[in-house]
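The following block contains a protein sequence and its predicted model.
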Amino acid sequence: MEKLLQGKVAVVTGAAQGIGLEIARTLHQHGAQVVLADLDGDATARAAGDIATPDLDCVGAVCDVTAEDQVQTLVANTCRDFGRLDVFVNNAGITRDASLKKMQVADFDAVITVHLRGTWLGIREASAVMREQKSGSIVNISSLSGKSGNPGQTNYSAAKAGIVGLTKAAAKEVAHHNVRINAVQPGLIRTPMTAAMPPDVFAQREADVPMKRAGEPGEVAGAVVFLGSELSSYITGTVIEVGGGRYM
């Protein structure tokens, strides 16, 4: 396999499991040294150990993406240990689903804070390094929920839509420094979270996808690799939908 990220250094937040873990694994397969960041230090360390190879480092780091000092430390330690930062993936996220009638303010605030403040802090800190390098790619993980809106996810849909606006605004600020910022919007993807859905609900959502199947985490990761590589060197401020044609 051609390694599209040979010699690159990448950070992935929310990388201990699910889509984040697969993104980290795929970036590493394409030649990147990867820092996996997550709140769960033990799980992140195990994941990094599973991915690492004798000739290519993969390390875990504990980071609460809503904490300014922790995101600053994550970026600073990456640059200290690896000498540069080429790809930063803002993937960390949570859900607190409930109907509009039943959702608590705390549940709304928690989801907005993790997704929007977390992504904004990641962009701010990573782009500061990349501006000095005059190169770099930031990839923000949104969701098709942010395009279509999902019942029971007014907080999540709002946050994921906000990530699109944040991506475009930030991309305009740093484009002249040769720093690119793009977003990926996954649709129905097979993860532990979707596996917990009632089978009939999952089947109906799968039937609504034009390609008539759910996606795999690796298919989301492939879009991230593309956006992180030189194949997308003239692409910034865009959103790639990875949803099998849903909502096209």
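Good, I have the coordinates. Because the structure is predicted, anything quoted here is derived from the model rather than measured.

and the gap between Ser99 and Asn150?
Distance of Ser99 to Asn150, given as C-beta to C-beta, to the nearest Å: 11 Å. For every residue, glycine as well, the C-beta is placed using N, CA and C.

So for those two, which sits in the more crowded spot?
A direct count of neighbours by other C-beta atoms under 10 Å for Ser99 and Asn150 places Asn150 higher, at 14 against 10.

How about the contacts made by the closest residue to the more buried one other than its chain neighbours?
Spatial nearest neighbour of Asn150, excluding adjacent residues (C-beta to C-beta, 6 or more residues apart in numbering): Ser157 at 5.6 Å. Counting by C-beta atoms under 8 Å, 6 or more residues apart in numbering, Ser157 touches 143, 145-146, 148-150.

Compare these and tell me which has the most neighbours.
Counting by other C-beta under 10 Å, top hit in those: Ser143 with 27 neighbours.

What separation do you get for that residue and His115?
For Ser143 relative to His115 (C-beta to C-beta), the value is 9 Å.

and the worst-scoring helix or strand of the chain on mean pLDDT, which residues are buried?
Across the helices and strands of the chain, mean pLDDT, DSSP states H and E gives its lowest value to helix 192-195, namely a mean of 82. Using 16 or more other C-beta atoms under 10 Å as the test for burial, helix 192-195 gives Thr194.

same thing with stretch 51-63?
By neighbour count on 16+ other C-beta under 10 Å, the buried set for stretch 51-63 is 51-52, 57-61, 63.

Can I get the least confident helix or strand of the chain as CSV, trimmed to CA atoms?
Written as CSV, here are the backbone C-alpha positions of helix 192-195 (Å, rounded to 0.1, in the frame of the first residue of the first chain):
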residue,chain,number,x,y,z
PRO,A,192,-20.4,-0.1,19.3
MET,A,193,-22.9,2.8,19.6
THR,A,194,-24.9,1.9,16.6
ALA,A,195,-24.7,-1.8,17.5
